[in-house]
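K.L.:
sharing a model that was predicted from the sequence below.
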Amino acid sequence: MSDAIDSSKIIDGKAVAQKVEAEVSKTVAALKEKNIFPKLVTVLVGEDPASQMYVRMKHKACERVGILAEDCILPATITESELLNKIQALNADKTVSSILVQLPLPKHISAQTIMNAIDPKKDADGFHPFNMGNLLINEEGLVPCTPKGIIRLLEEYKIDVQGKNAVVVGHSNVVGKPMAAMLLNRNATVSVCHIFTKDLKSYTIEADILVIGVGVKHLIKEDMVKPGVVVFDVGINQDSTGTHGDVDFANVIHKASLITPVPGGVGPMTIAILMSHVVKCAETIGQ
Ligand SMILES: Nc1nc2c(c(=O)[nH]1)N[C@@H](CN(C=O)c1ccc(C(=O)N[C@@H](CCC(=O)O)C(=O)O)cc1)CN2
């Protein structure tokens, strides 16, 4: 049963993303004074409508903050070695500061092989093993954008992580694993749950901070969380009734102290942080 919603509990990802973008715009303007023109090339393989939409959103964000954006659209039939050649050409192109390969890739291409080929200095997504490795040893440089966005939201809402029980549901390279590392770097006690976890509720019920990104609509119910929990919902599930998160928002909000909505929570932060990473790449390589 869902009662009236207390909007003071809703984490406003759009507003924080705007704040991040305003910071990025200033840095971009300062870089341009020094003849450094940050440029992002997005590589999109195939015609997945969701991926097309995310790439469009990234280009629009580039436009808002003054970053140059270029599209590289490739057919789903491209071979892995052809795609590797394209990445190598972008690595060698001195006008390109960042390269982003939109995921998922078609099944015949190994995403990890492609990530490994991107120059780590141009890796705005933070997926290269060099950048992931640095994250693990608490040398956070270019790190995956979604978990970094969640860290920024924790900071903006002044939520101390140290000593808290943080539960991450999902163990992908894009969200779950880097999220766990970032929380561990901030001295949370971290549990990572996934599809093979027995008795998910026995973990989520202990969470002070709960992050979920598994793509199962409303997996997290009110009875699975404790009062006061802070919830970050990374799930995007589309159906005929609209876009839904992995959390049963209308009911869980009554137990939570803070919670991200879907849409308008974590998603906009992913893109804003990406913008900040493009600038970071440009600063590092001087282009
Ligand atoms: N190379 C990458 N591929 C993928 C990443 C990534 O970080 N790098 N993450 C996801 C998709 N993604 C960005 O690429 C992404 C997903 C969702 C949003 C977003 O803002 N969503 C909106 C809702 C949109 C809707 O209605 O469907 C929101 O939450 O408000 C931004 C980026 C996988 N691939």
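P.N.:
Cool, the structure landed.

K.L.:
could you measure from the nearest residue to Asp12 once chain neighbours are set aside over to Ala256?
P.N.:
Distances taken as CB to CB, 6 or more residues apart in numbering put Gly264 closest to Asp12, at 7.3 Å, once the chain neighbours are dropped. Using the backbone N, CA and C atoms, a C-beta is placed for each residue, glycine as well. Per CB to CB, to the nearest Å, Gly264 is found 16 Å from Ala256.

K.L.:
equivalent analysis for Val43, please.
P.N.:
Taken as CB to CB, the span from Val43 to Ala256 is 38 Å.

K.L.:
neighbour count for those two, which is higher?
P.N.:
Ala256 (24 against 21; other CB atoms under 10 Å).

K.L.:
which residues touch the more buried one?
P.N.:
Going by CB atoms under 8 Å, 6 or more residues apart in numbering, Ala256 touches 9, 225, 228-231.

K.L.:
what do you get if the cut-off is 7 Å, keeping everything else the same?
P.N.:
By CB atoms under 7 Å, 6 or more residues apart in numbering, the contact set of Ala256 is 9, 225, 229-231.

K.L.:
got those residues as CSV, with pLDDT, secondary structure and neighbour count columns?
P.N.:
As requested, those are arranged in CSV below (pLDDT from 0 to 100; DSSP: H, G, I helix; E, B strand; the rest coil; neighbours: other CB atoms under 10 Å):
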residue, pLDDT, secondary structure, neighbour count
Lys9, 98, helix, 15
Val225, 98, coil, 26
Val229, 98, coil, 23
Val230, 99, strand, 24
Val231, 99, strand, 27
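
K.L.:
how about these, which pair is most distant?
P.N.:
Using CB to CB, the pair of those lying farthest apart is Lys9 and Val225, separated by 12.7 Å.

K.L.:
what are the phi and psi values at the residue nearest to Asp12?
P.N.:
Note on Gly264: backbone dihedrals following degrees, to the nearest 10 are phi 100, psi 10.

K.L.:
ok, now Lys60?
P.N.:
phi -60, psi -40.

K.L.:
that one and the ligand: what is the separation?
P.N.:
11 Å (CB to the nearest ligand atom, to the nearest Å).

K.L.:
can you check Asp119 too?
P.N.:
From Asp119 to the ligand the distance is 15 Å (CB to the nearest ligand atom).

K.L.:
that residue: neighbour count?
P.N.:
The burial count for Asp119: 18, using other CB under 10 Å.

K.L.:
likewise the one 3 residues further on?
P.N.:
When neighbours are defined as other CB under 10 Å, Lys122 has 26 of them.

K.L.:
any chance you could map the helices in the stretch 151-287 of the chain?
P.N.:
Here the stretch 151-287 of the chain has its helices, by DSSP state H, counting those that start in this stretch, at 176-185, 200-204, 249-252, 266-285.

K.L.:
closest one to the ligand among those helices?
P.N.:
Within these, the stretch nearest the ligand is helix 266-285; the backing value is 2.2 Å (CB to the nearest ligand atom).

K.L.:
now do the buried residues in that closest one.
P.N.:
266-283, 285 (16 or more other CB atoms under 10 Å).

K.L.:
got it, and stretch 132-140?
P.N.:
Using 16+ other CB under 10 Å as the test for burial, stretch 132-140 gives 132, 134-135, 140.

K.L.:
ok, stretch 143-159 next?
P.N.:
Buried-residue list, stretch 143-159, by 16+ other CB under 10 Å: 143-154, 156.

K.L.:
kindly report the same for stretch 103-123.
P.N.:
Buried residues in stretch 103-123 (16+ other CB under 10 Å): 103, 105-106, 109, 111, 114-115, 117-123.

K.L.:
tell me the two of those that are most distant?
P.N.:
So, the buried residues of stretch 103-123 by CB to CB: farthest apart are Pro106 and Lys121, at 26.8 Å.

K.L.:
on that earlier part again, so which of the buried residues of helix 266-285 also contact the ligand?
P.N.:
267-268, 270-271 (CB under 6 Å from any ligand atom).

K.L.:
what separates the residue nearest the centre of the chain from the ligand, distance-wise?
P.N.:
Note on the chain: the residue nearest the mean C-alpha position is Thr146, at 1.6 Å, using CA atoms, centre = their mean. Applying CB to the nearest ligand atom, the value for Thr146 to the ligand is 6 Å.
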